[in-house]
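In: Okay, here's the prediction I keep looking at, along with the sequence it came from:
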Amino acid sequence: MLSEKMLNALNEQINREFYSAYFYLQMAAYLDDQSLSGMANWMKIQTQEESAHAMILFNYVSERGGFVDLGAIEKPPMDYNSPLEVFEQVYEHEQKVTAMINALMVLANEENDFATRNRLEWFVAEQVEEESNASSLVGALRRIGSGNGIFMLDKELASRSFALPSPLASSE
């Protein structure tokens, strides 16, 4: 059974994961508007991933006998000046998410909640990948600048596809 403090923290993280999905979907809208459909695809896949992350936590809370309390989702920003700015925001956002996951891990340790810690270990590893991907794309966009290379990167990002995260695949 989850402590009240852990339950509240996990419910807040579920909300933050759904916010992340909105955040990336709004970025997809901007990139579609800029005729960068490959980059928009990358964001739409990211939206699916973030929704899946929320569902991993949703299912976990339910499995532990907790009640999922879905709060309002904040409206994400929608004005950007360039694809580089978009991906810089992605990287900054993923660093914030990493900090949130780390705070949950600290709480799980304080609560001696080993089951939650075990579930969160997947998220810790996932955040390493998320930050690395975002950082790589920021670096690529900085090297490209505003030249034609942006269209080559856009074409490359069009090939990204969604894969169901392992904690969901194993529970279905």
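Out: Everything's here; your move.
In: where along this structure do the helices fall?
Out: For the chain, the helices defined by DSSP state H cover 4-33, 37-63, 83-110, 114-144, 149-157, 166-169.
In: Turn those into CSV, including mean neighbour count, distance to residue 69 and mean pLDDT.
Out: (C-beta placed from N, C-alpha, C; glycine too.) Output for those, formatted as CSV (neighbours: other Cβ atoms under 10 Å; distance: least, Cβ to Cβ, whole Å; pLDDT from 0 to 100):
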stretch, mean neighbour count, distance to residue 69, mean pLDDT
helix 4-33, 19, 5, 98
helix 37-63, 20, 9, 97
helix 83-110, 18, 16, 98
helix 114-144, 16, 17, 96
helix 149-157, 16, 36, 92
helix 166-169, 13, 21, 77
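In: out of those, nearest to residue 73?
Out: The closest of these to residue 73 is helix 4-33. By Cβ to Cβ, the value is 5.3 Å.
In: from the chain's centre, how far out does stretch 4-11 sit?
Out: With Cα atoms, centre = their mean, to the nearest Å as the basis, stretch 4-11 stands 19 Å off its chain's centre.
In: Mind listing residues that contact it?
Out: By Cβ atoms under 8 Å, 6 or more residues apart in numbering, the surrounding residues in contact with stretch 4-11 are 2, 57, 60-61, 66-71, 103-104, 107-108, 111, 113, 116.
In: cool, and stretch 12-23?
Out: For stretch 12-23, the external contacting residues (Cβ under 8 Å, 6+ apart) are 47-48, 50-51, 53-54, 57-58, 61, 68, 70-71, 73-77, 93, 97, 100-101, 104.
In: distance between that stretch and the chain's centre?
Out: The answer for stretch 12-23 is 8 Å, by Cα atoms, centre = their mean.
In: swap in stretch 142-159?
Out: 22 Å.
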